[in-house]
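Enquirer: sequence first, then the predicted structure:
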Amino acid sequence: MDLAYTEEEREFRARLREWLGGVLPGLPPKPRPDDWPGRRAYDTAWQRMLHDAGYAGLHWPVDAGGRGATPTQHLIFLEETEKAGAPYVGANFVGLLHAGPTIAAEGTAEQRARWLPPVLRGDEIWCQGFSEPDAGSDLAALRTRAVRDGDHYVVSGSKIWTSHAEVADWCELLVRTDPAAPKHRGITWLAMEMDAPGVTVRPLRTLAGSTEFAEMFLDEVRVPLSHRVGAENDGWRVTMVTLSFERGTAFVGEVVACRRTLDELAAEARRSGRWDDPVLRRRLGRLNAEFRALWRLTQWNVSEAQRAGGGGVPGTGGSVFKLRYSHARQELYEAAAEVLGADSADLDREWVLDRLSSLSYTIAAGTSQIQRNIVAERMLGLPKGR
Amino acid sequence: MDFQLSDDQRALRAGVRELLAGRFGRDRMRAALDDGTGVDRALWRELGEAGFFALRLPEAEGGVGLGLPESVLLFEEVGRSLLPGPLIATHLAAGPVKGAAQGGTVVAVLDPGQPVAHLGEADALLVLGPGYGPRASAASVDVTRVRGDATPVRSIDPFTPLWRAGDPEETGERLPGGGRLRDEGALLTAAEQLGSAARTTEMAVQHAGEREQFGSPIGSFQAVKHLCAGMLVRAELARCAVYAAAVTADPVEIAGAKLLADDAAVRNARDCLQVHGGMGFTWEADVHLHLKRAWLRSGQWLTAAAAEEVLAGDLC
């Protein structure tokens, strides 16, 4: 058990800190949350800066254009960029964390050359077309059809919860190519151009009032066969590569941010006098234990991945983390509401919108109920069933 | 950074598990329960010979020369096995109290205001000073005098006899490094809680996989398997908190580890009981022994209220 960083890891951190200190003051102001073209421009400009400084695709393998960094270096990167207040991965999320790694792992040399460099440079944005109105937790029940027509697939159906659909260039799309096969065996992974004829995007308004994701309607969209990654009907396996990425290190920066928010809540409570309430004080103390432990769990998972020699964190360890983190984040903003008191009804006060958006955490990227199934069946070996 | 067990640490853990399984397996444990034996002095001397108490003493002083992380692995195994006795106090007293390192002297601990565990069997007594963190203190006092003024309590945990003792005048010898005792006691207690939490998870999973109702193992029902998944999550988060606190020895991190491990042990034992259904409410099933011990440990060294205040004080 060693929590100390090596000489090489400390140097990596120091160089990164120095670079961040140099570039962050020169960034333009953040765009408004509802300014989607502005958000895209801001997020991709940041990605370009990372690319030019040699930090793009840090954890991607070298032969995919990445830096081949160790899981620990990736952890340091996520920790330091968050601490410095650097932009979040934002619109680059799907490209860097789902579609890109999938193409890197399963794509042909041609496909990697076509799609990966623009992701790393921030030139192209990807979105994810997985969930459907009738295929949520039961993702493999998806029904969007793809039928071969010459050297194309013709795709019809609808997708939902697609983040960044309005500004994306590409969509990683799961389609059904064999309706007769068992549901996991008739799925194919396609890269679809978002400006192809037949693609209609309709923004969905979240309970926070913003349009963070969209519905997508596909009406006989033509996708070249060459845009298929992996074999036909092997899309489920291809996809599982990306889903484990999502639960691995995707929340590292957020744990750092939550710890900072907790400090800010304590400072605000001290300022307002609510700190004298032992119930509130102890509630914040418990959250301190929670987020400290979540950080240690992250280090544990990353160390495990490092020993295994892989680039990603195992999906099951990620499920344990996600279950606890998503709940803790919601608790954090419930505590924030108590700190704010009457001001917790004011949408313009800090933390109030975060309280609303935290509600998605136990649902998005696999609901807590699905995560518990994964933990119970894959880690504890309990039988599958009802 | 390599926050995983080293090969030596894995070997140590496996060795302790094997030792305890051989000397305090389930049959022996149940027999000890029926006999009402608390401290088995022959077993203690055996543990002493194996380096259990002297683990962290320097090799020059006859110790094993290992650190807090190794002690934590040791007490995690104790927590799994339900081995009774003031093992933590004796381990902590191995340096200053003669005979403790060899397992020949049984050392109990008096934390003013708390019932004293195993006072009747103790040869020496540590007294904890007030407070937590580096300013706390500890002393060693005459056990017979304290025992003379104490009254036995009918303990909720059949393995842990309790005594109500008065506030001793601290006439005894102050211990060097006494300020660390409460922190380390809290950490090692958290390790026992972790071991118990992991064990009750295993017990629940085993039962849920075997017990059939409605024609299926009850572990195939989400209502049951989700309880089990929640148990694993609690135990694994506590594990990371306890192991990290053992590496840093930071009082705030130890407070967090104790808080989460107490929670994991108590709540996992309760969920394990629930998964066992009616059997869980019997004397025959082991789960009540884990729950009762977990309840006691939650009140020892550092309570949830005190831990939360320490953790709150750390926020700026």
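Expert: Ah, there it is. Numbers count the residues shown, from 1 in each chain, chains lettered A, B, ... in the order given.

Enquirer: rest of the way, CA atoms for contacts and neighbours
Expert: Will do.

Enquirer: measure the residue of chain A found nearest chain B to B:Val252 for me?
Expert: Nearest to chain B, among the residues of chain A, is A:Gly285, at 3.9 Å (C-alpha to the nearest C-alpha). Separation of A:Gly285 from B:Val252 (C-alpha to C-alpha, to the nearest Å): 10 Å.

Enquirer: hang on, the earlier thing: now name the helix or strand holding the residue of chain A closest to chain B.
Expert: Secondary-structure assignment from DSSP states H and E places A:Gly285 in helix A:278-308.

Enquirer: give me the common contacts of A:Gly285 and B:Val252.
Expert: Here A:Gly285 and B:Val252 share the contacting residues B:310-311, scored by C-alpha atoms under 8 Å, 6 or more residues apart in numbering or on different chains.

Enquirer: domain ranges for chain A, per the record?
Expert: The record's domain parsing of chain A by automatic domain parsing lists A:7-121, A:126-233, A:251-379.

Enquirer: let's have the ones you listed in a markdown table, adding mean pLDDT.
Expert: Output for those, formatted as a markdown table (pLDDT from 0 to 100):
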| stretch | mean pLDDT |
| --- | --- |
| domain A:7-121 | 94 |
| domain A:126-233 | 96 |
| domain A:251-379 | 93 |
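
Enquirer: which one of these lies closest to B:Leu74?
Expert: domain A:251-379 (19.8 Å; C-alpha to C-alpha).

Enquirer: and chain B, is the helix or strand just after the helix holding A:Gly285 touching that?
Expert: Using DSSP H and E, the next helix or strand after helix A:278-308 towards the C-terminus is helix A:315-340. Yes - using C-alpha under 8 Å from any C-alpha of the partner chain, a contact is recorded between helix A:315-340 and chain B, made by A:320-321, A:323-324.

Enquirer: how about the strands in chain B?
Expert: Using DSSP state E, the strands found in chain B span residues B:107-110, B:116-117, B:124-128, B:138-141, B:151-153, B:162-164, B:173-174, B:212-213, B:216-217.

Enquirer: show me what the third one is packed against.
Expert: Taking 3 or more C-alpha pairs under 8 Å, 6 or more residues apart in numbering or on different chains; DSSP states H and E as the contact definition, the neighbouring helices and strands of strand B:124-128 are strand B:107-110, strand B:138-141.

Enquirer: how far does the first one sit from the chain's center?
Expert: Mean-position distance between strand B:107-110 and its chain equals 14 Å (C-alpha atoms, centre = their mean, to the nearest Å).

Enquirer: now stretch B:32-48: buried residues?
Expert: Neighbour counts over stretch B:32-48 (16 or more other C-alpha atoms under 10 Å in any protein chain shown) mark B:32, B:37-39, B:44-48 as buried.

Enquirer: of those, closest to B:Glu121?
Expert: The closest of those, once distances to B:Glu121 are taken by C-alpha to C-alpha, is B:Val39, at 7.1 Å.

Enquirer: tell me the phi and psi of the closest residue to that closest one other than its chain neighbours?
Expert: Using C-alpha to C-alpha, 6 or more residues apart in numbering or on different chains and skipping residues adjacent in sequence, the residue nearest B:Val39 is B:Gly85, 5.4 Å away. Dihedral angles of B:Gly85 (phi, psi; degrees, to the nearest 10) stand at phi 120, psi 160.

Enquirer: the residue most distant from the middle of the chain, which is it?
Expert: I'll assume chain A. Within chain A, A:Asp276 marks the point farthest from the mean C-alpha position, 38.2 Å out by C-alpha atoms, centre = their mean.

Enquirer: let me rephrase: I mean chain B.
Expert: Max radial position in chain B (C-alpha atoms, centre = their mean) goes to B:Gly215, at 39.4 Å.
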